[in-house]
Every structure is written in structure tokens, then in C-alpha cells.
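Enquirer: Give me the fold of what follows.
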Amino acid sequence: MNTFVTIIILELFLFLLFIPFTSSQKQLQTKLVQPPLLPNSCNETCGKHRVPFPFYLNNTSCVSSLSTSFHLTCTNSSTLFIKLASQNYPILEFFSDGLLVDFPGASSCRQYNDLNSFGERFFDGKNYFGVSVDNIVGLYDCEDSSLCKADCETVNLPGCDGSAGGDSLGCCYPLSDHSIWHVGEGFSVFSKFGCRGFSSWAVLRGSYAGKRGVKLEFAIPRNFSKEICAKNADIVNSTSVKDGVRCVCQDGYVGDGFANGTGCLLSCIKDGKEAYGSDCYIKRHDQRKMVIIAGILCPVLIVASLATLFYLLKRKEKPGMFDSEQAYYHNISFRKACRTRLFSHHELEQATNGFEENKKLMQCNNTAMFSGVLGDGSHVAIHKLSKCENENDMLQVMSQIEVLSSILHRNVASILGCCVDSNYAPLVIYEYPANGTLEDHLHQKFENKGQKLGLDWYRRLNIATEIASTIALLQYDKSPPIFHHNLKSSCIFLDDDLSVKIAGFGLVNYDYTNCENRICKNDVYDIGVMLLEIIYGSNQLDSPTLALKKIRDGKIEEIVDPVLDYHEQPHYCQEQIQIIADLATRCLLFGADGKMGMVDVARELVHLNKESVDGGNVKLVLEETFSNSSLLQMISMSPDSMNVP
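Expert: Numbering: from 1, shown residues only. Have a look, this model is predicted:
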């Protein structure tokens, strides 16, 4: 009862402060979009650049410099330079935590740059800058390709003309990987792999497109003598500068966060536009209007509040109900989880024609996935999760969306955003490739120019290998491990070259194993069902039971997809189908009790693939699939020499 009374009293005060209340609520919307960087107090500019604090051009009285390291030079009133370790670097763009620079002495965009462009003197500990881990490096003419990573291949890395120049890269390496390059090192570390040049792109968190150049992170020494941070700002540690810190404004405020800079200004929406500082406060003549309005409406509000209180006391509250409007006060950051976009429920209803049945791609565990087209023509898959019953469920869902959004892997479908509304179930929006789902192809639902297409055996084996290898990576290479919980052929998207894009992850909180009628189901069980489906395809058997009976009776040819024409297959393909059937059987029988793991499944599929393609190509495929060399080695080992606990 005391809680409800407190809420009503707070509502009265909030009403009397109507405009600030409205502004603070709109701050939540404001924080979804990164506000522009505010210029320093001198309002200095150079060409298209507005110079933000702590950077400056002229050491005038209006700029209190933190260090001469932040001094910039403007050439011909258009080109901005920063001098670091005796080299001048052209500045391409400013970020809240650093800046994007071009290579020194570069008069034009070059694909091939010297590995010593950022020399060792740059990292002597005397500078306020470090190479950011947000960079992805493209390496050229490397003699040893073991440093190449597959994760960065899914990012759009534009060439000099703005086109997708990254597609032609022979090797790319994200600095966030840390297995080869470490914070504080220069790019010359790649020379020991025989690389002769490199390019670089900055890929900001939550983005899948790179900006050509090298991102440098800036920081202030932790033991700086002055109080550097403004009110409403927090001190955060630097990632790339040893013992360095920066000032970051708290939610609801914008600015550089520094006491000698613009500080942290209140942010709000006013007249449909973003406003800062004094524009967010009540003007004097507006205050008089508000006093009059409050005097009239307060008695009415008091009566309404008492009536509401009486209703709340009488109503039997459902325990644990989650109110998304209170999410901000419980530190649930939707902006953090939905790294790219926060969709409205109405927008997604329009994209799916009201989530109509013929748009449904998948139904499983009280969740469903629908195909849709956004207003801009983008094709998406919308995963409708189970409705959250309480705050803990919502916290878990948002946390897992955040984890999945951070995964950049060629075989994991990109998450474009999410939708969170207390009146509806949470929604996760995936990029939806034009080639449909694995289920569409296996069941002959997918048509290309009016002609139904089927998958040959090699394609099916390759798809199965990609699925198992990727799920194994997520379970064994991530901490905590990521399980799918909804592994079905309808959750496997296929891109233009029929490569796998896994979507539809189950994000609700339930046990790793789901047991019904004494049969326990998990990801290994589910991939066993999928392997059977890959074999029988368009036969669309009612359940795996019938398929298992035929396999046990030695009549596998009776269930093989007619599209494969089993009796016309080469002998080694028939043997492979038999082996896959045996593997599927073991997944169903031994997957849930731990006797068989996803690494076991991936290992057997990889070895089976060696019979279909050249061994060297298999190694390349594996290197593209896995970013962790130890896991690659584990899966590549012979069955006799490997024992997975």
C-alpha cells in the first residue's frame, strides 16, 4: 500500500513539473540516436570539421587545453592534421572516444599501405593516443594465412570509391581478436606472417559497415593533476591507452563530459527536434502558464489519483508483471541490446501484414518467426519470442540479444534490431537473405523464376557441416556458451551462394534439455532431426520415428529424397548418406545425456566432407568458419585421437 501511495504522490509532483517531465521522458528517445559532437568553446572549424574538445586549433583563452598532444593544424582552411610521433596524420572524422585518421603522406586513397605507417615511436607511452580495437585490418600478400579471420568478412569494407572493396580481400583481421595483434603494438607485427601491406577500416560497435582509415582512441592519464570530468559525467577506462581514462556523459545528457569543455548538457526533444542545455528548461513566461494550469487541474488530478489508488488496492496484482515504461529505472538498456535499431511494433505489423499466417517461417516452443518487408524495401525475418512474465525474463532476453548482436560471423544471421513493448512479446529482427530457408529448399517450396529447385547431396552435406561447426563454435568457444534451443530447418537461412545464416535463437529462460515422454531434446537432438530431414527432404515424414525404423531395417533408400535419386548416386555418396543416417540416429539417442556433443557432430561431418572436396579446400573452409585455432584443431583431429568430455 505504501508503494502505491508513493507512486501517486510522485505523479502529482511530476505533473506540476510537466514540461521537465515530458523532456526527461523524451530523453529516452533521444539516447537511441547518437547526438552530434558539440564543438569546443571556441567553436573552431576547419573545412567540414567542427573541432570538439579536447582538440583545438589555436591556444586561445577560450580553450583550456589538457595537453599539447590535442593541438591540430588546419591547412588551406580545409584539411585537418594531427601530429603524433613526428608524423602528420590527416583527420577524416571525429568520434566521441577518438578520431579517424588517414595514412601519413597520403595524397590519395591507397589500397596498399606500409606496415610501418604507424611506427613503434607512436606507442612509446608518451602519447595520449592508441590504435583502437574497433579497426579491421585488410592484409595483402601474406605468406602465412593462419592469421586470417572469417568474422570480419561479413562486414562491408568500402574501397576508395565507396564500393564494397573488402569483398576482394585475401585476408582480414579484426584488432578486437587479440590472438595476433595486442593493444600497444604497431601494425608491423603482421610482417612476421610475410604480409607486405595493409589497409584499415573503423567499424563502430553495432555497425556492419566500415569507415576507411585508422581509428585512434584518445585518453587522459589517470593521474592527471586536474579534476577533468564535469558534473553528470562518469570516468571510464580507455581500451587502447595504458592507464588512460575519458569522461562520458550519463544517460539523458550530451557533451564531451570534460569540465573545461562543453561538459554534459541536458538533452531533450523540443518541437520535434533535439535540443540541449537551457533550451530544455522552462522559460519564465511558460512557468506562469503552468502555475495557472496546475491550479485548475490539480484538484481534478487529486480526485483521479485517489480513485486510482482505491482501484489498485482492490485489484489482485499479477506477481512479477514487467512494465517497459519502468525499464529505464531498472537499468535495462534497450539501446545497448538493440545495437542498430529499435523498431516499433506498428512498423513490424505493417511489414508482416499483421503477422499473417502465410508469412510464418517457423513455429517452435511458443515462439514464431515471420518474413516481412520494411518500408524501405528491406527483407527481414521477425522472431516473435514468448511474452515476458516478469522483469527477470525481460532482463535475460535483452542480455542475450546484446550477446547475439555482438557476434560477427559469416554463418550467423545479422540482427538488425529489436522491438520491446510491455503489451506484446519481444521481437528480434534478422536480416533475411533472398534465398529463403533450408526448409523451403528441402520441401520444394522455394522457386527461382517460377522453377522449383532442389539441393544436391554435396550442397546438403556442406550445409549440415556449416550448421554443426557454427553451433559448436558458439557452444565451445564462447563464455558463457550460446545454445540455440530452436534449431530447425526453418531457422537456417541461405544466402546467394547457399551458405548458411543461422537465426531464430531461443532467448527465453528454460533448461538446456527439454524432456517430453522421456525423450530429452537439445541442440544435438535437434540437429539429428535436421540431418534426417536433409536425407528425406520433400518426403516430409511425420516424425523421425518412421525414418529411424527404416534405417534400422536397412531400408534407407525408401526414405531418401526423390530429388537425390538414391540409386543413381555414386557409391561413395550412398555410403555418405548411410553415415549421416547413423550420425543422426546417435544424435537422437545420445545427444541429451552428454555422451555426444556438438563438436562430435561437427568433427564427423568435417571428416566426411573430406571425401567430397580437396583437403586443402577443407582447411580453407574451416579457417573461414572458426576464429579460434584450438577449436579448429579439436574438430580437425581424427576420431580416434579425440575425446570430448
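Enquirer: Could you measure from residue 104 over to residue 86?
Expert: Residue 104 sits at a distance of 10 Å from residue 86 (criterion: Cβ to Cβ, to the nearest Å). The C-beta positions use only the backbone N, C-alpha and C, and glycine is treated the same way.
Enquirer: wait, I meant residue 366
Expert: Using Cβ to Cβ, residue 366 is found at 63 Å from residue 86.
Enquirer: One more: residue 145?
Expert: The spacing between residue 145 and residue 86, counted by Cβ to Cβ, is 34 Å.
Enquirer: Ramachandran angles for the closest residue to residue 487 other than its chain neighbours?
Expert: Distances taken as Cβ to Cβ, 6 or more residues apart in numbering put residue 526 closest to residue 487, at 3.7 Å, once the chain neighbours are dropped. Backbone torsions for residue 526, taken as degrees, to the nearest 10, come to phi -60, psi -40.
Enquirer: What of residue 500?
Expert: Here is the backbone geometry of residue 500 (degrees, to the nearest 10): phi -80, psi 140.
Enquirer: so how many other residues sit close to it?
Expert: 24 (other Cβ atoms under 10 Å).
Enquirer: what does residue 565 give?
Expert: 10.
Enquirer: So it versus residue 438, what's the distance?
Expert: 20 Å.
Enquirer: Over to residue 381?
Expert: Distance check for residue 381 against residue 438: by Cβ to Cβ, it reads 13 Å.
Enquirer: Overlap of the contact sets of these two?
Expert: Counting by Cβ atoms under 8 Å, 6 or more residues apart in numbering, the residues touching both residue 381 and residue 438 are residue 493.
Enquirer: Show me the strands in the stretch 1-150 of the chain, by range?
Expert: When assigned using DSSP state E, counting those that start in this stretch, the strands of the stretch 1-150 of the chain occupy the ranges 45-46, 49-50, 72-75, 79-84, 87-95, 98-101, 129-131, 135-140.
Enquirer: Tabulate these in JSON lines, adding columns for mean neighbour count.
Expert: Below are those laid out as JSON lines (neighbours: other Cβ atoms under 10 Å):
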{"stretch": "strand 45-46", "mean neighbour count": "16"}
{"stretch": "strand 49-50", "mean neighbour count": "18"}
{"stretch": "strand 72-75", "mean neighbour count": "15"}
{"stretch": "strand 79-84", "mean neighbour count": "18"}
{"stretch": "strand 87-95", "mean neighbour count": "19"}
{"stretch": "strand 98-101", "mean neighbour count": "25"}
{"stretch": "strand 129-131", "mean neighbour count": "24"}
{"stretch": "strand 135-140", "mean neighbour count": "24"}
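Enquirer: Which of the ones you listed sits closest to residue 489?
Expert: When the strands of the stretch 1-150 of the chain are compared by Cβ to Cβ, strand 135-140 sits nearest residue 489, at 32.3 Å.
Enquirer: Can you name the secondary structure element that comes next after that closest one?
Expert: Remark: after strand 135-140, the chain's next helix or strand is strand 172-174, criterion DSSP states H and E.
Enquirer: Can you tell me what sits against that following strand?
Expert: Strand 172-174 is contacted from outside by 135-139, 147-149, 151-153, 157, 166, 180-181, 190, 203, 408, using Cβ under 8 Å, 6+ apart.
Enquirer: picking up where we left off before, same list (the strands of the stretch 1-150 of the chain) but as TSV, adding distance to residue 349.
Expert: Shown next, in TSV, are the strands of the stretch 1-150 of the chain (distance: least, Cβ to Cβ, whole Å):
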stretch	distance to residue 349
strand 45-46	45
strand 49-50	40
strand 72-75	49
strand 79-84	46
strand 87-95	36
strand 98-101	39
strand 129-131	45
strand 135-140	36
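Enquirer: re the thing from before, neighbour count: residue 366 and residue 86, which is higher?
Expert: Comparing residue 366 with residue 86 by other Cβ under 10 Å, the one with more neighbours is residue 366, at 12 against 9.
Enquirer: Please tell me how far the more buried one sits from residue 556.
Expert: Separation of residue 366 from residue 556 (Cβ to Cβ): 34 Å.
Enquirer: Ok, residue 216 next?
Expert: Using Cβ to Cβ, residue 216 is found at 60 Å from residue 556.
Enquirer: Between the two, which has more neighbouring residues?
Expert: More crowded of residue 216 and residue 556, by other Cβ under 10 Å: residue 216, with 27 against 20.
Enquirer: wouldn't the more buried one be in contact with residue 98 here?
Expert: Yes: using Cβ atoms under 8 Å, residue 216 is in contact with residue 98, at 5.1 Å.
Enquirer: Quick check: neighbours shared by those two?
Expert: Listed as contacting both residue 216 and residue 98 by Cβ under 8 Å, 6+ apart are 129, 132.
Enquirer: Look at residue 580 and tell me its secondary structure.
Expert: Residue 580 falls in the helix class when you classify it by DSSP: H, G, I helix; E, B strand; the rest coil.
Enquirer: going forward can the numbers begin at 855, since that is how I track them
Expert: OK, 855 is where the count begins now, so the last one is residue 1434.
Enquirer: Sticking with the closest residue to it other than its chain neighbours, tell me its helix or strand.
Expert: Spatial nearest neighbour of residue 1434, chain neighbours left out: residue 1385 (5.5 Å); criterion: Cβ to Cβ, 6+ apart. Using DSSP H and E, residue 1385 sits within helix 1377-1390.
Enquirer: mind saving the C-alpha coords of that helix as PDB?
Expert: C-alpha atoms of helix 1377-1390 as PDB (Å, rounded to 0.1, in the frame of the first residue of the first chain):
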ATOM      1  CA  ASP A1377      20.700 -28.700 -29.900                       C
ATOM      2  CA  VAL A1378      22.300 -32.100 -30.600                       C
ATOM      3  CA  TYR A1379      18.900 -33.800 -30.700                       C
ATOM      4  CA  ASP A1380      17.600 -31.100 -33.000                       C
ATOM      5  CA  ILE A1381      20.500 -31.400 -35.400                       C
ATOM      6  CA  GLY A1382      19.900 -35.100 -35.500                       C
ATOM      7  CA  VAL A1383      16.300 -34.400 -36.600                       C
ATOM      8  CA  MET A1384      17.600 -31.900 -39.200                       C
ATOM      9  CA  LEU A1385      20.100 -34.400 -40.600                       C
ATOM     10  CA  LEU A1386      17.200 -36.800 -41.200                       C
ATOM     11  CA  GLU A1387      15.300 -34.000 -42.900                       C
ATOM     12  CA  ILE A1388      18.300 -33.400 -45.100                       C
ATOM     13  CA  ILE A1389      18.100 -37.000 -46.100                       C
ATOM     14  CA  TYR A1390      14.400 -37.400 -46.700                       C
END
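Enquirer: just the strands in the stretch 1305-1454 of the chain please.
Expert: 1305-1306, 1346-1348, 1354-1356, 1368-1370, 1373-1375.
Enquirer: averaging pLDDT over each of these, which comes out lowest?
Expert: Mean pLDDT per stretch puts strand 1368-1370 lowest among the strands of the stretch 1305-1454 of the chain, at a mean of 47.
Enquirer: so how far is residue 1213 from residue 1456?
Expert: Counting by Cβ to Cβ, the gap from residue 1456 to residue 1213 is 33 Å.
Enquirer: Distance from the chain centre to stretch 1096-1105, please.
Expert: Distance of stretch 1096-1105 from the chain centroid (Cα atoms, centre = their mean, to the nearest Å) equals 23 Å.
Enquirer: quick check: mean pLDDT across it?
Expert: Rounded mean pLDDT across stretch 1096-1105 is 85.
Enquirer: Excluding its own residues, what touches that stretch? List them.
Expert: For stretch 1096-1105, contacts defined as Cβ under 8 Å, 6+ apart pick out 881, 885, 950-951, 979, 982, 984, 1037-1038, 1072-1077, 1082-1084, 1086-1092, 1109-1113, 1118, 1182.
Enquirer: Alpha carbons only: can I get it in CSV?
Expert: Extracted in CSV, the C-alpha atoms of stretch 1096-1105 (Å, rounded to 0.1, in the frame of the first residue of the first chain):
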residue,chain,number,x,y,z
LYS,A,1096,47.5,2.3,-20.9
ASP,A,1097,46.3,3.8,-17.7
GLY,A,1098,44.2,6.3,-19.7
VAL,A,1099,40.6,7.5,-18.9
ARG,A,1100,37.9,9.6,-20.5
CYS,A,1101,34.8,11.4,-19.4
VAL,A,1102,31.4,10.1,-20.6
CYS,A,1103,28.1,11.9,-20.0
GLN,A,1104,25.4,10.0,-18.1
ASP,A,1105,22.2,9.0,-19.8
